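Asks: the sequence and its predicted three-dimensional model are supplied below.
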Amino acid sequence: MPRPRVFALLAAAGIALAAAGAAILPATASNAATACAAAYNNSAVYTGGMQVSYNSHNWTAKWWTQYEAPSTGGSGVWADNGSCGGSGGGGGGTACNYPAWVAGQYYAVGAIVRYTNGLYYQATHENPGYDPTISTWFWSPYACSGGGGGGGGGTTGFVVSEAQFNQMFPSRNGFYTYAGLTDAMAKYPAFAKTGSDTVKRQEAAAFLANVGHETGGLVYINEINTANWPHYCDYSQPYGCPAGQSAYHGRGPIQLSWNFNYKAAGDALGVDLLNNPDLVATNSSISWQTGLWYWMTGTGNAGTTSHNAMVNGQGFGTTIRAINSIECNGGNPAQVQSRVNLYNQFTAILGVPAGGNLTC
């Protein structure tokens, strides 16, 4: 943020893997797929008992929900009713929208690529770009459906699929939903949609790396150090701090802080955040919107926005300077390296090089 500060981080790790067996039934006319309900709409409000279809499955809401795409994780609001077919549709978690394999490029475990034969493969072990059809210990065939290579998140148009998002943040708080992020992106259509496919993925990785660092892996919503909460009220501003002196502490993916930032973000987004700052901690879409607002408009001490830094080739290091410049120039090299490590991890998942100028 424009007035730098250091955020405490707690590392979140651990990916739980589960396997389930399925009984094989003879194919008969009675096994026809259940018709799909109306497609999920991430801006709609759903109450208990309402049904939607998403990613070729029907789902039932257990209670009130908005901005949380159906899944078996998150808050647990959705019950999976099984696969469906026919009209309805929606979703796109396993659409075939993954980058082309590049020989000699590092791939992390779980990375999915499109090989030259048109088939898809997933890295079962990290490797320096081995051929998926030869190095079968490092790669396994990956089954998916939908349109060919390129994009990323199925029907969302985001270069990061929901599966990749979940891989990046295996222990994330259910508040930080993929649907909330993709809904927020409508406010800033240039985000991760400017430049080449590589640049788009690099920008997405850079944004997610920085917010991952700020929130301990999308775990924390409010700033951890409550002793700092009263320190973000600038009474020199003519509008003061109507929500209270301690109301403008760090919240959300970018840890929005200071009354003047809540005022500016709210004005830009059309939401009264000066009087209702806790919306950043209670509404997933608004929370993500504040993160994108600063990413697209905030310059800090970098002299440019984080968005422009990535699309103009200035590198990931410039985004750190725009977000928390106190870490730069030897101020806190461990924090800088934490951001860089996440960026390298996420670019590997997205199948693109990290580029240069990674530190500040």
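Replies: Here it is on my side, so go on. Residues are numbered from 1 along each chain as shown.

Asks: what comes into contact with the longest strand seen in the chain?
Replies: For the chain, the strand reaching the highest residue count under DSSP state E is reported as strand 78-85. The contact list for strand 78-85 (Cβ atoms under 8 Å, 6 or more residues apart in numbering) reads 32-37, 51, 53, 56-62, 65, 68, 70-72. Backbone N, C-alpha and C define where each C-beta goes, glycine included.

Asks: need the buried ones from the residues you listed selected in ChimeraX.
Replies: The buried residues among the contacts of strand 78-85 can be selected in ChimeraX (16 or more other Cβ atoms under 10 Å) with this line:
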select :36,37,51,53,56,57,58,59,60,61,62,65,68,70,71
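
Asks: just for the chain, where's the confidence low?
Replies: In the predicted model of the chain, residues 1-33, 40-45, 55, 66-67, 71-75, 85-97, 116-118, 135-136, 143-156 satisfy pLDDT under 70.

Asks: all the strands of it, residue numbers only.
Replies: With DSSP E, the ranges of strands along the chain come out as 34-35, 51-54, 57-61, 78-85, 112-114, 120-123, 139-141.

Asks: just put these in a markdown table and tack on distance to residue 185.
Replies: A markdown table is the format used below for the strands of the chain (distance: least, Cβ to Cβ, whole Å):
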| stretch | distance to residue 185 |
| --- | --- |
| strand 34-35 | 31 |
| strand 51-54 | 18 |
| strand 57-61 | 23 |
| strand 78-85 | 22 |
| strand 112-114 | 22 |
| strand 120-123 | 25 |
| strand 139-141 | 31 |
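
Asks: of all those, which lies closest to residue 164?
Replies: Nearest to residue 164 among the strands of the chain is strand 112-114; the distance by Cβ to Cβ comes to 8.0 Å.

Asks: what packs against that closest one?
Replies: Using 3 or more Cβ pairs under 8 Å, 6 or more residues apart in numbering; DSSP states H and E as the contact definition, the elements that strand 112-114 packs against are strand 120-123.

Asks: can you list the helices and strands that the strand it packs on packs against?
Replies: With contacts taken as 3+ Cβ pairs under 8 Å, 6+ apart, strand 120-123 sits against strand 112-114, strand 139-141.

Asks: repeat the analysis, applying 6 Å as the threshold.
Replies: Counting contacts by 3 or more Cβ pairs under 6 Å, 6 or more residues apart in numbering; DSSP states H and E, strand 120-123 is packed against strand 112-114.

Asks: what are the buried residues along the strand it packs on?
Replies: For strand 112-114, by 16+ other Cβ under 10 Å, it's 112-114.

Asks: could you do stretch 280-291 as well?
Replies: Using 16+ other Cβ under 10 Å as the burial criterion, the residues of stretch 280-291 that qualify are 280-281, 283-291.

Asks: kindly report the same for stretch 236-256.
Replies: Burial within stretch 236-256, assessed by neighbour count using 16+ other Cβ under 10 Å, is assigned to 241, 243, 247-256.

Asks: measure that stretch end to end?
Replies: Separation of the first and last residues of stretch 236-256 by Cα to Cα, to the nearest Å is 19 Å.

Asks: re the thing from before, got the angle between the longest strand of the chain and strand 57-61?
Replies: Counting by axes from the mean of the first three to the mean of the last three Cα atoms, to 10 degrees, strand 78-85 points 150 degrees away from the direction of strand 57-61.

Asks: next one: strand 78-85 to chain centre, how far?
Replies: Chain-centre distance of strand 78-85: 24 Å, with Cα atoms, centre = their mean, to the nearest Å.

Asks: same check, this time on stretch 50-62
Replies: Centre to centre, stretch against its chain (Cα atoms, centre = their mean), the figure for stretch 50-62 is 22 Å.

Asks: can you check the distance spanned by it, start to finish?
Replies: End-to-end distance for stretch 50-62, by Cα to Cα: 8 Å.

Asks: how many neighbouring residues does residue 228 have?
Replies: Counted by other Cβ atoms under 10 Å, the residues lying close to residue 228 total 16.

Asks: from residue 302, how far off is it?
Replies: When distances are taken as Cβ to Cβ, to the nearest Å, residue 228 and residue 302 turn out to be 23 Å apart.

Asks: and the longest strand of the chain, which residues are buried?
Replies: Buried residues in strand 78-85, counting neighbours by 16+ other Cβ under 10 Å, are found at 78, 81, 84.

Asks: partners of it, with directions?
Replies: For strand 78-85, sheet partners with direction are given as strand 34-35 (parallel), strand 57-61 (antiparallel), following DSSP bridges.

Asks: now do the shortest one: distance to the chain's middle.
Replies: The chain centroid and the centroid of strand 34-35 are separated by 31 Å under Cα atoms, centre = their mean.

Asks: ok, back up a step: from the buried residues of strand 112-114, which is closest to residue 124?
Replies: residue 112 (11.2 Å).

Asks: who's in contact with that closest one?
Replies: When the contact criterion is Cβ atoms under 6 Å, 6 or more residues apart in numbering, the partners of residue 112 are 98, 122, 142.

Asks: just among these, which is most surrounded?
Replies: Within the contacts of residue 112, most neighbours by other Cβ under 10 Å means residue 98, with 25 neighbours.

Asks: so that one makes contact with residue 115?
Replies: No. With contact defined as Cβ atoms under 6 Å, residue 98 does not count as touching residue 115 (10.2 Å).

Asks: returning to that earlier point: with only the CA atoms kept, save the longest strand of the chain in PDB.
Replies: Below are the C-alpha coordinates for strand 78-85, written out as PDB (Å, rounded to 0.1, in the frame of the first residue of the first chain):
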ATOM      1  CA  TRP A  78     -22.900 -26.800  -2.000                       C
ATOM      2  CA  ALA A  79     -24.000 -30.500  -2.200                       C
ATOM      3  CA  ASP A  80     -22.900 -32.400  -5.300                       C
ATOM      4  CA  ASN A  81     -25.800 -34.200  -6.800                       C
ATOM      5  CA  GLY A  82     -23.700 -36.000  -9.400                       C
ATOM      6  CA  SER A  83     -23.100 -35.700 -13.100                       C
ATOM      7  CA  CYS A  84     -25.700 -34.400 -15.500                       C
ATOM      8  CA  GLY A  85     -26.100 -34.000 -19.300                       C
END
